[in-house]
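> Fold the following for me, if possible:
(one chain, ligands or ions: 2)
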Amino acid sequence: MSKIKQMPAALSNQIAAGEVVERPASVVKELVENSIDAGASIISVYLEEAGISQIMVQDNGEGMDAEDLQLAFLPHATSKIYRLNDLFNVHSLGFRGEALASIGSVAKVRVESCQAGQDQANFVEIAGSKLMNQGQCAGNQGTKIEVKSLFYNTPARLKHLKTLQTELKHIIRFVQNMALAYPQIQFSLFNNQQKLFQTSGRGRLQESIAQIYQANLARQLIALNVADDDFKVSGFISPPTLTRTSRNYIHWFVNGRAVYSNQLNQVLIKAYGRQLMIGRYPISILVIDLDPRLVDANVHPTKQTVRLSKESELAKLIQDGVKACLGEVNPVPNLGQTL
Ligand code: ADP
Ligand code: MG
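Ligands and ions are numbered 1, 2, ... in the order given. Take a look at the predicted model:
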């Protein structure tokens, strides 16, 4: 008798969830990215207890019909890529078709969705990869996803969650990043009914920076816009007099995806050179746009690291851009503004 068997979906989904759903912030990330891919212009995130007891994401995007609602929870089910070739030319944030299947395997999920022109919304309820309930309900165009009791059936994962403050910090950082990457979308974030921030979605990056940080800070930033044949880099950087003690205020976006890159951080810091005091870091929100064929986002399941071609060319473009911006401001560091 053979010893090899294909795993049941509930088991393979949970293994995939181990990579994709590490903490409440991972759920928020996957849901918000889906809302962006669905073309939403308003995205609201409501948390209870930093997302540990509940995460709700509501959007006004294109929605799903009754059939899609069930398909969405199957592993590797996606509307975003169909052929191998599509993988090398991804224009959406998602493409692995794993998020909802993974989330549905480690939480209790209810999704309500309504497409334009439908007079009723459809809903499904999933728990532990099983369809528990489905039907029709009232609703406006878009999708509302409620994720409750995260990790209820994976106690080891639940135990590894950090404090509420730490989990909340990760979520805030993520939603802030998305609001900066998509100033044309109105984002709001609530925890235990308290509004943490809201952007206006009017498409102006500096306005979003003011709404996320402070108006006074946003006003002092310097606009940066440079391009060569392959890359376009735009956004804002702080003058050397406006710095922070942590790198958390350095934001990078590559084709709409917030990425963490120590390498890019070093490029930026090097460009400030001696204008930056030791132990201080600039504030920057820089958006890099390039041909999707030059980016490989398929490096890590969460796609927070990406591989770029022509990295040294990009580094030079950023350095020249930053130096040009700083040349236009007072080059003498002073102790004026600290955190
Ligand atoms: P992926 O985003 O990689 O395709 P997901 O598991 O995140 O995989 O989602 C599966 C599919 O469900 C998506 O391809 C999309 O068609 C649909 N979907 C998920 N969330 C939404 C949403 N908020 N609005 C509309 N469609 C959605
Ligand atoms: Mg997705």
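> Could you count how many residues lie near residue 5?
Residues within reach of residue 5, counting by other Cβ atoms under 10 Å, total 6. Every C-beta, even on glycine, is put in place using the N, C-alpha and C of the backbone.
> and what of the one 3 residues further on?
The tally of other residues near residue 8 (other Cβ under 10 Å) stands at 9.
> What separation do you get for residue 320 and ligand 1?
Counting by Cβ to the nearest ligand atom, to the nearest Å, the gap from residue 320 to ligand 1 is 36 Å.
> I'd say that residue and residue 228 touch.
No. Checked against Cβ atoms under 8 Å, the pair residue 320 and residue 228 is beyond contact range at 9.5 Å.
> End to end on stretch 197-217, go ahead and measure it.
End-to-end span of stretch 197-217 (Cα to Cα, to the nearest Å): 16 Å.
> That one: which residues count as buried?
197, 199, 201, 205-213, 217 (16 or more other Cβ atoms under 10 Å).
> among the residues you listed, which are in helices?
205-212, 217 (DSSP state H).
> what about the nearest residue to residue 247 once chain neighbours are set aside, neighbour count?
Take residue 247 and drop its neighbours on the chain: the residue closest to it by Cβ to Cβ, 6 or more residues apart in numbering is residue 281, 5.0 Å away. Applying other Cβ under 10 Å, we find 20 residues neighbouring residue 281.
> And for the one 10 residues further on?
The number of residues packed around residue 291, counting by other Cβ under 10 Å, is 12.
> what residues are up against it?
residue 230 (Cβ atoms under 8 Å, 6 or more residues apart in numbering).
> Now do the contacts for the residue of the chain at minimum distance from ligand 2.
Going by Cβ to the ion, ligand 2 is nearest to residue 94 of the chain, at 2.8 Å. The contact partners of residue 94, by Cβ under 8 Å, 6+ apart, come to 30, 33-34, 37, 78, 80.
> Inside helices: which ones of the residues you listed?
Those of those lying in helices (DSSP H): 30, 33-34, 37.
> from what I can see residue 307 touches residue 295, true?
Yes. Counting by Cβ under 8 Å, residue 295 is a contact partner of residue 307 at 7.2 Å.
> Compare those two (neighbour count), which wins?
The residue with more neighbours, out of residue 307 and residue 295, is residue 295; 20 against 12, by other Cβ under 10 Å.
> Any idea what that one is bridged to?
residue 308 (DSSP bridges).
> Could I get the full set of helices for the protein?
9-20, 24-37, 66-71, 99-106, 155-159, 164-181, 205-212, 215-220, 262-272, 311-327.
> Comparing these, which comes out most buried?
helix 99-106 (a mean of 26; mean count of other Cβ atoms under 10 Å).
> Point me to the residue of the stretch 101-250 of the chain nearest ligand 1.
In the stretch 101-250 of the chain, the residue that lies nearest ligand 1 is residue 143 (3.7 Å; Cβ to the nearest ligand atom).
> For that residue, list each beta-bridge partner.
Here residue 143, judged by DSSP bridges, has bridge partners residue 59, residue 113.
> so what's it up against?
34-35, 38, 58-59, 61, 63-64, 111-114.
> ditto for residue 225
Counting by Cβ under 8 Å, 6+ apart, residue 225 has contacts 233-234, 321.
> repeat that for 7 Å
residue 234 (Cβ atoms under 7 Å, 6 or more residues apart in numbering).
> Please apply the same query to residue 147.
So residue 147 contacts 27, 55, 103, 107, 109 (Cβ under 7 Å, 6+ apart).
> Just list whatever residues bridge to it.
residue 55, residue 109.
> can you name the farthest residue from the center of the protein?
residue 1 (47.0 Å; Cα atoms, centre = their mean).
> can you pull the buried residues of stretch 53-64?
In stretch 53-64, the ones that count as buried by 16+ other Cβ under 10 Å are 54-64.
> Was I right to think residue 292 contacts residue 93?
No. With contacts counted by Cβ atoms under 7 Å, residue 292 stays clear of residue 93, the gap being 11.8 Å.
> does stretch 249-266 come close to ligand 1?
No. Stretch 249-266 stays out of contact with ligand 1 when judged by Cβ under 6 Å from any ligand atom, the minimum separation being 12.8 Å.
> Export that stretch to PDB, keeping only CA atoms.
Below are the C-alpha coordinates for stretch 249-266, written out as PDB (Å, rounded to 0.1, in the frame of the first residue of the first chain):
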ATOM      1  CA  TYR A 249       9.900  57.300   9.300                       C
ATOM      2  CA  ILE A 250      11.700  56.000   6.100                       C
ATOM      3  CA  HIS A 251       9.000  54.600   3.800                       C
ATOM      4  CA  TRP A 252       9.700  52.900   0.400                       C
ATOM      5  CA  PHE A 253       7.100  51.900  -2.100                       C
ATOM      6  CA  VAL A 254       7.900  49.900  -5.200                       C
ATOM      7  CA  ASN A 255       5.100  49.800  -7.800                       C
ATOM      8  CA  GLY A 256       2.500  50.400  -5.100                       C
ATOM      9  CA  ARG A 257       3.900  47.900  -2.600                       C
ATOM     10  CA  ALA A 258       5.400  49.000   0.700                       C
ATOM     11  CA  VAL A 259       8.800  47.300   0.900                       C
ATOM     12  CA  TYR A 260      11.400  47.200   3.600                       C
ATOM     13  CA  SER A 261      14.900  47.500   2.200                       C
ATOM     14  CA  ASN A 262      18.000  48.000   4.300                       C
ATOM     15  CA  GLN A 263      19.900  48.500   1.100                       C
ATOM     16  CA  LEU A 264      17.700  51.500   0.000                       C
ATOM     17  CA  ASN A 265      17.900  52.900   3.600                       C
ATOM     18  CA  GLN A 266      21.600  52.900   3.300                       C
END
